[in-house]
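> Show me how the following folds:
(chains A, B, C and D)
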Number of protein chains: 2
Amino acid sequence: MSGTAGGAPARARLSRPAEITRRGLVDAATAVFAQHGFSGGSVRLITTKAKANQAAITYHFGGKEGLYREVLIAARDAFEKMGLLDEEGARTLPREEALRLFLRQYLLPLVKRNQFSRYLRIFAWETLSPTAVALKLSAERPFPMVVLSSRIVERFLPAGTSRRDGLVATLWLANQPMTFVRNAELLSREPFNLSFDAASVDELVETLAGLCLGGLGGSGPVRHG
Amino acid sequence: MSGTAGGAPARARLSRPAEITRRGLVDAATAVFAQHGFSGGSVRLITTKAKANQAAITYHFGGKEGLYREVLIAARDAFEKMGLLDEEGARTLPREEALRLFLRQYLLPLVKRNQFSRYLRIFAWETLSPTAVALKLSAERPFPMVVLSSRIVERFLPAGTSRRDGLVATLWLANQPMTFVRNAELLSREPFNLSFDAASVDELVETLAGLCLGGLGGSGPVRHG
DNA sequence: TTCCGCCTCAAACGAACGTTTGAATTTCAA
DNA sequence: TTGAAATTCAAACGTTCGTTTGAGGCGGAA
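Sure, this is the predicted structure:
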């Protein structure tokens, strides 16, 4: 046994057969973990999807956890490079607009069905019950969702807010869209009947923005412009 | 095989040995499911705790799901009979006070370690990924948390609010305290260091009440009186 | 062509899961 | 006290899980 179980040490070109196997496993794992979570996603399902052998996971990634780690790193990278909102936007945009972009970014997977949305569903699983893998990864470098939530929150809370209240509000804001991502299934059925086309996600963003901006005391959804 | 796998059809007095086994299993299951969730809690752990035989679960409850159903029913009954806030209170108390009681009721398990708090942690698991058992039970008669959330929300939202927005807000409010119950472990460590004594839960209730009442746009935590 | 390291493969391993079996025991009314 | 029903018990069943095994295929440098 001599797999490359470590991270990604200067791997060779994608045409190499072994690299194709790696990529296939990571892609399949992304889909499976998005649907079933880490503990619920089985390596047998992943290898079947990837048309690879079960032993390949141990060989290439050292095990299920190593493979999940690769998926999480790809997810973090994707959000850092391709998100609707980056850290600078969270600091410089009008704060209400930054909040809306934040909510939209983390509600869009309700309608889209691409790689990006799979990453988001994995994050939703992590906000349920964080895995050891994600906690370790997050300790090395925080995930964009947490960073953005923090940046936005600090633009709303008054200057004298205690550190504790700031942390609580950051955790709170990060969980606002995730609540609905987790309950997407529920929202699509009776009695909600949210169809999750682009328009209904827009509505949800506005409703949620209204709650986050004004709380229950606010005068309903806050409209643009 | 001739167990009483059905609900609770006029069972005999508690002194009956079989009834002691039943109660022991339900109590042990409550603790185990609170800690590990339904799918994560094993019947072996439950029967060990209850000093009962594994087959007893199938015999008395028809299986793991039947046992969980009993636990959920006990939890629902407990909240309906002993909660800080009942449906009438949610309708008649000053709405801010009703909201605070709601939040307090569902944040208290962070500090208490009794049967009541175990029920709440089970609800927290259910808000993560609802089990089929709970969905069915909830369809027959909704759980107090949902009913109370709905009653409170409808006292805040303006009269013209759409049915959809009302449902979304109800789901939203019900998830506000659960976010922190789920993340209790996280909150007790760095960088939060919330110790979860009575006082820090009071603070958390106030912080969260401020966010729910005024949103991020509110002027920080809203104080009593 | 030969050889060696990288990689894949079918198969099996050991552990954990919920459930079932069938005999033994206990309970309780007659 | 007796006998049938209710309940308990140790053991095993069948499935799924993540991982390991060891043989074999493959490709590129010598």
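
> Up against DNA strand D, what does chain A have?
A:1, A:17, A:41-45, A:54-55, A:57-58, A:63-65 (CB under 7 Å from any atom of the strand). From N, CA and C alone the C-beta is placed, and that goes for glycine too.

> With respect to pLDDT, which of these ranks lowest?
Lowest pLDDT among the residues of chain A next to DNA strand D: A:Met1, with 41.

> which stretches of chain A form helices?
Counting by DSSP state H, one finds helices in chain A at the ranges A:17-40, A:43-49, A:55-61, A:64-82, A:87-92, A:95-107, A:115-128, A:132-140, A:144-156, A:163-182, A:184-188, A:198-214.

> okay, the helix or strand bottoming out on mean pLDDT in chain A in CSV with CA atoms only?
Least confident helix or strand of chain A, by mean pLDDT, DSSP states H and E, is helix A:184-188 with a mean of 86. Output in CSV follows, covering the C-alpha atoms of helix A:184-188 (Å, rounded to 0.1, in the frame of the first residue of the first chain):
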residue,chain,number,x,y,z
ALA,A,184,-36.1,22.5,1.4
GLU,A,185,-37.9,19.2,1.1
LEU,A,186,-40.4,20.3,3.7
LEU,A,187,-41.0,23.6,2.0
SER,A,188,-41.7,22.0,-1.3
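
> That one: which residues count as buried?
Going by neighbour count (16 or more other CB atoms under 10 Å in any protein chain shown), the buried part of helix A:184-188 is A:184, A:187.

> before we move on, what about stretch A:131-150?
Neighbour-count burial for stretch A:131-150 flags A:131, A:133-134, A:137-138, A:143-145, A:147-150 (criterion: 16+ other CB under 10 Å).

> okay, now the domains of chain A?
A:1-82, A:84-214 (automatic domain parsing).

> In JSON lines: these, plus distance to DNA strand C.
Shown next, in JSON lines, are the domains of chain A (distance: least, CB to the nearest atom of the strand, whole Å):
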{"stretch": "domain A:1-82", "distance to DNA strand C": "3"}
{"stretch": "domain A:84-214", "distance to DNA strand C": "16"}
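
> hang on, the earlier thing: of all the residues of chain A next to DNA strand D, which comes closest to A:Leu208?
Taking CB to CB as the measure, A:Leu208 lies nearest A:Gly41 of the residues of chain A next to DNA strand D, at 28.5 Å.

> Pull the number of nearby residues for the closest residue to that closest one other than its chain neighbours.
Spatial nearest neighbour of A:Gly41, excluding adjacent residues (CB to CB, 6 or more residues apart in numbering or on different chains): A:Val32 at 4.2 Å. Neighbour count for A:Val32, taken as other CB atoms under 10 Å in any protein chain shown: 24.

> now the one 4 residues further on
Other residues near A:His36 come to 13 when the count uses other CB under 10 Å.

> residue contacts, it?
A:His36 is in contact with A:42, A:45, counting by CB atoms under 8 Å, 6 or more residues apart in numbering or on different chains.

> Over to the one 5 residues further on?
The contact partners of A:Gly41, by CB under 8 Å, 6+ apart, come to A:29, A:32-33, A:35.

> Of these, just the buried ones, ChimeraX syntax please.
Restricted to buried positions by 16+ other CB under 10 Å, the ChimeraX selection for the contacts of A:Gly41 reads:
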select /A:29,32,33
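
> Kindly confirm whether my reading is correct that A:Trp44 touches A:Gln54.
In this structure residue A:44 is Arg, not Trp. Yes - assessed by CB atoms under 8 Å, A:Arg44 is found in contact with A:Gln54 at 6.5 Å.

> Quick check: neighbours shared by these two?
By CB under 8 Å, 6+ apart, no residue touches both A:Arg44 and A:Gln54.
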